[in-house]
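In: the amino acid sequence is not available; the structure is as follows:
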């Protein structure tokens, strides 16, 4: 009986440490937009684990994310506003279900459109929510992704122009 209790306690500790690892993720969401038509336009912001909406003060350096956000977090060095913890937590809870959603891709033949999109991050994986570009449109069709896109679009409207 004591041995069974000991195994159960070890299991609880192990489960608790897994949750802590997830909490250590540094960033959860991003918006990016880049266009070279009629000059150079670039906008890129992220939401970190503390709820800070961060931009890069190096606007002339395009940051393409690969391997998740955490290796690139230091490139976003200016905080422009803060998302309340309860609001952020409710949106973070939608990332995992959104990652299971089907992503629809529609081929496009546009000129000078650029690329614009919203992504979420789960550990080191990029979860596409939406992308619009010269060559394709991608939309994550899960209910949670649609909710995240609307929330992120609302935040985009609050940003100062040029971000």
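Out: That came in fine, so what should we check first? Please read these numbers as outputs of a predicted model, since none were measured by experiment. Numbers count the residues shown, from 1 in each chain.
In: tell me the SS of the closest residue to residue 112 other than its chain neighbours?
Out: Distances taken as C-beta to C-beta, 6 or more residues apart in numbering place residue 37 nearest to residue 112, at 3.2 Å, with adjacent residues excluded. The way it works is simple: take the backbone N, C-alpha and C, and place the C-beta from them, glycine included. Following DSSP: H, G, I helix; E, B strand; the rest coil, the label given to residue 37 is coil.
In: which phi and psi values does residue 37 adopt?
Out: phi -80, psi 130 (degrees, to the nearest 10).
In: what's it in contact with, if anything?
Out: 111, 112, 113, 114 (C-beta atoms under 8 Å, 6 or more residues apart in numbering).
In: distance check, it against residue 121.
Out: 29 Å (C-beta to C-beta, to the nearest Å).
In: just the contacts of residue 37 now: which is nearest residue 83?
Out: Distance to residue 83, by C-beta to C-beta, is smallest for residue 114 among these, at 26.2 Å.
In: if I look at that closest one, how far off is residue 99?
Out: Residue 114 sits 26 Å away from residue 99, going by C-beta to C-beta.
In: do the same with residue 133
Out: Distance, residue 133 to residue 99, by C-beta to C-beta: 21 Å.
In: for residue 130, same thing?
Out: For residue 130, the distance to residue 99 - C-beta to C-beta - is 14 Å.
In: and if you look at residue 87?
Out: From residue 87 to residue 99 the distance is 20 Å (C-beta to C-beta).
In: for residue 149, what are phi and psi?
Out: The phi/psi pair for residue 149 (degrees, to the nearest 10) is phi -60, psi -50.
In: spit out the contact partners of it.
Out: Counting by C-beta under 8 Å, 6+ apart, residue 149 makes contact with 118, 129, 130.
In: run through the neighbouring helices and strands of whichever helix or strand the last one is part of.
Out: It stands for residue 130. Using DSSP states H and E, residue 130 sits in strand 125-133. When contacts are defined as 3 or more C-beta pairs under 8 Å, 6 or more residues apart in numbering; DSSP states H and E, strand 125-133 packs onto helix 95-99, strand 115-122, strand 136-140, helix 143-158.
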